[in-house]
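**Q** next input, structure requested:
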Amino acid sequence: MSRILYPVPHGSIPGALRLFVLLAALTILPARATLAQQVIQLDLDHSSFAFDSESSLVEMYLAFEAASLTFEADSLGFRAILPVDLSIARASDAVLEGTPVDPVWSDSLDLQFVLADTSGVRQGQQFVHQVRATVPPGEYEVVVNVPEDPSIGRLSLSLRREIVVPDYSDTRTVGLSDVTLASEVRRARDRDEAFYKSGLVVRPNANQLFGVGLPHVYYYTEAYNLAVLSPAETAYTVLAYLSEVNLPQPLPDYQRRSTRPLRSPDVLVGSFDVSTLPSGSYFLRIALLNSDNESLVERSRRFFVYNPDVERAPVVAVEAEFETSQYATMTEEQVE
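**A** Numbering: from 1, shown residues only. Model prediction:
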């Protein structure tokens, strides 16, 4: 299937940000690539949602770094053509030993990336593509293959990611889909827009990197089966907050509560400004609460922040009983 992708200005992530999480940096390509060997730079992420009684919907997000593609001049400017094979197969530890693992879903893509001019390509600028598939709930492995092309010096690429697809068909309990981390969420102008979903445009951020160049962490998730709450319940509460990677409590000034009427499914979106957070690893956590402030279901997503000009506040020593402190439940490595 052939698709033409155009770059989006706000999708560019500074090169230093990619180095922060130890991703390989690639040299910007000239308008006509040489035959030097190069590997496609690809980030892969996914989210799953309710679909029907037998299957769940899986969205796979592929972000190709523009500087790692080979562009050639044509009538539209400069074009890069990239064949991509995608498949979803049962995870190896979920099948009997010696049993053939055939994909439950597969697709072959003929992606085409178009630029008006390659001189402005920056390290970290990405083309983002989304693919949807329906599969039964279970444990899987997503496999992405890009074949080699000796004529332009492109090396082959194989990327694998283990995923768990939940069963959303149980209508007896409140459910919550995976959380999609995005670089943009806005109202859609029409259904033909890229990344259209539930009347919105949700542009995924496949590498979960925010900070310089991407100061806002946007999120999208869906709540299910809220009708199972007590008849006395007329609303529920959504608690969304950010936390340090090793600490469960919300960061000061980074938590939001909102009361919403009962409807199912219910689309939940929001954002946090992380421009003043120090560089580091964080969690976005979302919990649905009933009228007694009891948690009904929770989801979390890890993400990274790179703000080199933001200094982390020094730790202030406070005398306290170790057994009642936050450090009592940490490993020695986490305490360090």
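
**Q** all strands for the stretch 201-336 of the chain, in order.
**A** Shown for the stretch 201-336 of the chain, the strands assigned by DSSP state E, counting those that start in this stretch span residues 209-211, 216-224, 235-244, 255-261, 266-273, 280-289, 295-306.

**Q** and the ones you listed, which is most packed in?
**A** strand 209-211 (a mean of 26; mean count of other CB atoms under 10 Å). The C-beta positions use only the backbone N, C-alpha and C, and glycine is treated the same way.

**Q** now that strand: mean pLDDT?
**A** When pLDDT is averaged over strand 209-211, the result is 96.

**Q** wait, residue 49 sits on residue 168?
**A** Yes - with contact defined as CB atoms under 8 Å, residue 49 counts as touching residue 168 (7.2 Å).

**Q** overlap in contacts of these two?
**A** Counting by CB atoms under 8 Å, 6 or more residues apart in numbering, the contacts common to residue 49 and residue 168 are 56, 177.

**Q** ok, residue 240 to residue 285 distance?
**A** Note on residue 240: its distance to residue 285, by CB to CB, to the nearest Å, is 7 Å.

**Q** residue 293 too?
**A** Residue 293 is 15 Å from residue 285, by CB to CB.

**Q** and what of residue 292?
**A** From residue 292 to residue 285 the distance is 20 Å (CB to CB).

**Q** what of residue 77?
**A** 43 Å.

**Q** and what of residue 212?
**A** 24 Å.

**Q** per the record, what domains does the chain have?
**A** The chain breaks down by automatic domain parsing into domains covering 1-167, 170-336.

**Q** tell me the confidence at residue 37?
**A** Here the pLDDT value assigned to residue 37 is 71.

**Q** same deal with residue 11?
**A** Residue 11 is given a pLDDT of 45.

**Q** repeat that for the one 4 residues further on.
**A** Per-residue confidence at residue 15 stands at 46 (pLDDT).

**Q** could you measure from residue 309 over to residue 245?
**A** Counting by CB to CB - residue 309 and residue 245 are separated by 21 Å.

**Q** same question for residue 154.
**A** Going from residue 154 to residue 245 by CB to CB gives 36 Å.

**Q** ditto for residue 264
**A** From residue 264 over to residue 245 the distance is 32 Å, taken as CB to CB.

**Q** between the two, which has more neighbouring residues?
**A** Shown here are residue 264 and residue 245; by other CB atoms under 10 Å, residue 264 has more neighbours (15 against 12).

**Q** what's the burial count for residue 124?
**A** Residues lying near residue 124 (other CB under 10 Å) number 25.

**Q** in stretch 303-316, what's buried?
**A** Of the residues in stretch 303-316, 303-307, 310 count as buried by neighbour count, 16 or more other CB atoms under 10 Å.

**Q** for stretch 176-192, same thing?
**A** Within stretch 176-192, the residues scored as buried using 16+ other CB under 10 Å are 176-185, 188.

**Q** span of it from start to end?
**A** For stretch 176-192, the first-to-last residue distance is 26 Å (CA to CA, to the nearest Å).

**Q** now swap in stretch 181-201 and tell me
**A** End-to-end distance of stretch 181-201 (CA to CA): 13 Å.

**Q** what's the mean pLDDT across that stretch?
**A** 96.

**Q** so how far is it off the chain centroid?
**A** The chain centre lies 15 Å from the centre of stretch 181-201; the measure is CA atoms, centre = their mean, to the nearest Å.

**Q** list the contacts of that stretch.
**A** Stretch 181-201 has contacts (CB under 8 Å, 6+ apart) with 10-11, 45, 128, 130, 202-205, 208, 214, 216-220, 222, 267, 269, 271, 284, 301, 303.

**Q** do you have the helices of the protein handy? List them.
**A** Ranges of helices within the chain are 15-20, 332-335, based on DSSP state H.

**Q** check those for me: which has the lowest mean pLDDT.
**A** Ranked on mean pLDDT, the bottom entry among those is helix 15-20, at a mean of 42.

**Q** surely residue 177 touches residue 50?
**A** Yes - when contacts are counted by CB under 8 Å, residue 177 is listed as touching residue 50 (6.7 Å).

**Q** skipping adjacent residues, who's closest to residue 135 in space?
**A** Closest residue to residue 135 apart from its sequence neighbours, by CB to CB, 6 or more residues apart in numbering: residue 104 at 5.2 Å.

**Q** quick one, what contacts the one you found?
**A** Here residue 104 is in contact with 88-90, 135-136, 140 (criterion: CB under 8 Å, 6+ apart).
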